[in-house]
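> Please work out how this folds:
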Amino acid sequence: ITPTGETLTDDEWNEFKKVVQAAIENLNLHRQEEGRILEQELLLRINNISKYQEEVIKLEPLRKQKIKDGLAKVLEDNMGKDNYDPNRLEQELIYYIEKIDLTEEQVRLNNHCDYFKTILEEIGEGKGKKLSFVLQEVGREINTTGAKAYDSAIQKCVVMMKDELEKAKEQVLNV
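Purely as a prediction, here's the structure:
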């Protein structure tokens, strides 16, 4: 490398400055457009998670009834219809169903999805870490729902929610 003593004239500098300014403006426009597209993608993923959550909520009463019917059938098959106390069965079912109730997880999942959307709407920079943290919380609620489900239809919804979550996590890395 050999240094030269060449310098730009004032006219050359002004032309060069215009080109650099135009490049910066184009870069900023591109970043804004990319941000809009990324926001739409993230909203799509969170809205899809919410749709699957609504499906889980619809399936919840059926799941409880299936569990109750299944336990009663097991007792009848193994002990006979008249050899167990239906009141005791009801007490045990209440205890069991309370342990696998999904209401708390669904409420928190809904709150996390709403908070995620709120963060997206905020003006300013530095949202990536917040969004990533909220997605971790969304994942916890989805996993807990899956662990408590004991229902194939709900498990399918959980798998679909996890798929949407992974897609959202990939995009948040770009924020």
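
> What's the separation between residue 33 and residue 124?
18 Å (C-beta to C-beta, to the nearest Å). Where C-beta positions appear, they are placed from N, C-alpha and C, glycine not excepted.

> With neighbour numbers in mind, choose between these two.
Comparing residue 33 with residue 124 by neighbour count (other C-beta atoms under 10 Å), the higher total belongs to residue 33, at 10 against 5.

> separation between that one and residue 14?
Distance from residue 33 to residue 14, counting by C-beta to C-beta: 29 Å.

> elements contacting the least confident helix or strand in the chain by mean pLDDT?
Sorted by mean pLDDT, DSSP states H and E, the helices and strands of the chain end with helix 86-99, the least confident at a mean of 78. Counting contacts by 3 or more C-beta pairs under 8 Å, 6 or more residues apart in numbering; DSSP states H and E, helix 86-99 packs against helix 10-79.

> ok, how many other residues are close to residue 77?
9.

> now do residue 28
Residues within reach of residue 28, counting by other C-beta under 10 Å, total 10.

> Chain neighbours aside, what residue packs nearest to residue 144?
residue 105 (4.9 Å; C-beta to C-beta, 6 or more residues apart in numbering).

> I misspoke; the intended subject was residue 60.
Nearest residue to residue 60, sequence neighbours excluded (C-beta to C-beta, 6+ apart): residue 102, at 5.8 Å.

> Need phi/psi at that neighbour.
Main-chain dihedrals, residue 102, degrees, to the nearest 10: phi -100, psi 0.

> if I look at residue 159, how far off is residue 115?
Using C-beta to C-beta, residue 159 is found at 24 Å from residue 115.

> Of the two, which one has the most company?
Neighbours were counted for residue 159 and for residue 115 using other C-beta under 10 Å; residue 115 has more, 15 against 12.

> Would you mind confirming that that one makes contact with residue 134?
Yes - between residue 115 and residue 134 there is a contact under C-beta atoms under 8 Å: 5.7 Å.

> what about this protein, any weak spots by pLDDT?
Residues of the chain that meet the criterion pLDDT under 70 lie in 1.

> give me the number of residues near residue 83?
Here the count is done by other C-beta under 10 Å, and residue 83 has 9 residues near it.

> ok, now how distant is it from residue 152?
From residue 83 to residue 152 the distance is 30 Å (C-beta to C-beta).

> list the contacts for residue 120?
39, 42, 43, 127, 131 (C-beta atoms under 8 Å, 6 or more residues apart in numbering).
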